[in-house]
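J.: with the input below, show me the fold.
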Amino acid sequence: MSLFPKNSESLIDFVKKKGLEIPTLYVVDVGVSGGLHPAWRKWGDRLVGLGIDCWINEVKRLADQETNPLVGYVSAKAGAPQGASFNNPTGSTYSLHRSLAYLATYILSKKPDEMSEFNFVEIWRKMVSGQLSKPPVEASYSNIPQPLEDHFYQYYARRHVGREWPQMTDRTATVDDLIAESKTLSRVDLLKIDTDGMDFDVLRGSENALGGALAVEIEVQFQGQVADTANIFCNIDLFLRKKGFSLFKLAPAMYARSALPRPFLKGIPAQNETGQIMWGEALYIRYGIQSRSLEQRQNLALILDLYGLEDVAAEIMLETPGLFDGNKDEAILNFLASKVSGTKISFDELVKAFLENPIKFALNKENL
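T.: Predicted coordinates:
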């Protein structure tokens with residue numbers, strides 16, 4: 001699951017091909033296991049980044065493989081200023097333990113000889129009742145004393161660090177503290193948070209970083225405890241809206257219940273084609289380009305295009321004539337028009353076709 005659409009060419013690719021200068025992009029990635037997203041690598045040596053993760057093994061691996069001296073990594077459990085805020089749960093409980101994915105990781109944790117007399121219904125009943133392992137309340141497993149003893153958590157931890165046993169750091173810090181230690185980050189344009197359950201805590205520890213950020217990509221949970229500090233979508237959404245951000249994109253992840261097995265979308269025990277909406281990837285943008293520098297306006301247009309929001313990128317172009325070429329950016333607007341229409345058409349021709357008959361245009365885009 002990704003917020004990025006599958007497009008053959010992005011705006012930043014086009015701008016670079018035209019020989020135009022691209023701005024420096026400052027990225028902070030919390031939960032960097034697996035590496036920075038390839039989208040941000042398009043900035044090349046104009047990328048300045050900080051990757052943060054709790055897994056010592058993975059941070060070392062990424063640091064050893066990094067070729068950009070302006071991208072650094074640190075091993076820490078990022079959280080809120082006062083530390084983790086997990087409280088006694090009230091209201092609904094996190095229902096991942098009832099999912100097919102949760103049951104699948106239990107099965108995968110067993111040896112073949114242990115499965116010879118496997119009774120599906122019996123195991124299912126023990127699983128959902130909590131007899132096999134204590135059902136988590138949040139995806140963070142904050143209520144489990146030894147998370148690595150849980151088969152689901154262990155399965156995904158092992159995927160991050162390969163054959164080595166996962167080594168989790170004891171260090172805790174806020175994102176703002178870790179950024180302050182960086183020798184290369186002078187600001188944050190994009191903050192990405194994916195910690196599988198502590199995302200709201202991380203967000204609350206990023207007050208300074210959010211002050212000048214253009215975009216926040218964050219994992220949001222739709223199920224969990226009811227509390228002001230709970231890691232659930234409504235709290236994250238309200239927090240970011242109060243800081244001037246707006247939700248621009250949301251990709252939900254659905255998990256089928258284990259009572260009726262069905263195929264997984266990918267080759268891992270995770271989401272299914274249908275089922276209860278459990279979590280999602282959300283993109284928040286703080287628009288307000290009037291108060292942004294030329295470099296940040298450029299970055300915002302490039303970022304929005306990468307996320308498939310070409311219309312908003314075009315809006316920035318029209319509000320800031322000559323954003324990239326110092327003139328009218330005609331070639332760039334033509335590129336965006338051709339990209340969204342799927343035809344070789346100029347921006348002016350696209351607009352003309354729309355003005356002639358907006359309704360027919362909307363229904364017959366293939367005729368352009």
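
J.: can you pull the pLDDT of residue 40?
T.: Looking at residue 40, its pLDDT is 97.

J.: give me the neighbour count for it.
T.: Neighbourhood size, residue 40 [other CB atoms under 10 Å]: 19. Every residue, glycine included, has its C-beta placed from N, CA and C.

J.: okay, and for the protein, where does confidence drop off?
T.: Confidence mapping of the chain against pLDDT under 70 gives the ranges 1, 7, 83-94, 135-147, 160-164, 363-368.

J.: please enumerate the strands of it.
T.: Applying DSSP state E to the chain gives strands spanning 25-30, 47-53, 71-75, 77-78, 172-173, 190-193, 215-221, 246-255, 276-285.

J.: including mean neighbour count and distance to residue 119, could the ones you listed go into a markdown table?
T.: A markdown table is the format used below for these (neighbours: other CB atoms under 10 Å; distance: least, CB to CB, whole Å):
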| stretch | mean neighbour count | distance to residue 119 |
| --- | --- | --- |
| strand 25-30 | 26 | 42 |
| strand 47-53 | 24 | 39 |
| strand 71-75 | 21 | 42 |
| strand 77-78 | 24 | 39 |
| strand 172-173 | 17 | 42 |
| strand 190-193 | 24 | 41 |
| strand 215-221 | 23 | 32 |
| strand 246-255 | 16 | 23 |
| strand 276-285 | 21 | 25 |
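
J.: distance to residue 323 added to the ones you listed, as JSON lines?
T.: Compiled in JSON lines, these are given as follows (distance: least, CB to CB, whole Å):
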{"stretch": "strand 25-30", "distance to residue 323": "15"}
{"stretch": "strand 47-53", "distance to residue 323": "20"}
{"stretch": "strand 71-75", "distance to residue 323": "26"}
{"stretch": "strand 77-78", "distance to residue 323": "34"}
{"stretch": "strand 172-173", "distance to residue 323": "37"}
{"stretch": "strand 190-193", "distance to residue 323": "18"}
{"stretch": "strand 215-221", "distance to residue 323": "17"}
{"stretch": "strand 246-255", "distance to residue 323": "19"}
{"stretch": "strand 276-285", "distance to residue 323": "17"}
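
J.: what about the closest residue to residue 14 other than its chain neighbours, neighbour count?
T.: Nearest residue to residue 14 in three dimensions, chain neighbours excluded: residue 335, at 4.9 Å (CB to CB, 6 or more residues apart in numbering). Per other CB under 10 Å, the neighbour tally for residue 335 reads 23.

J.: these two touch, right, residue 335 and residue 12?
T.: No - using CB atoms under 8 Å, residue 335 is not in contact with residue 12; the gap is 11.0 Å.
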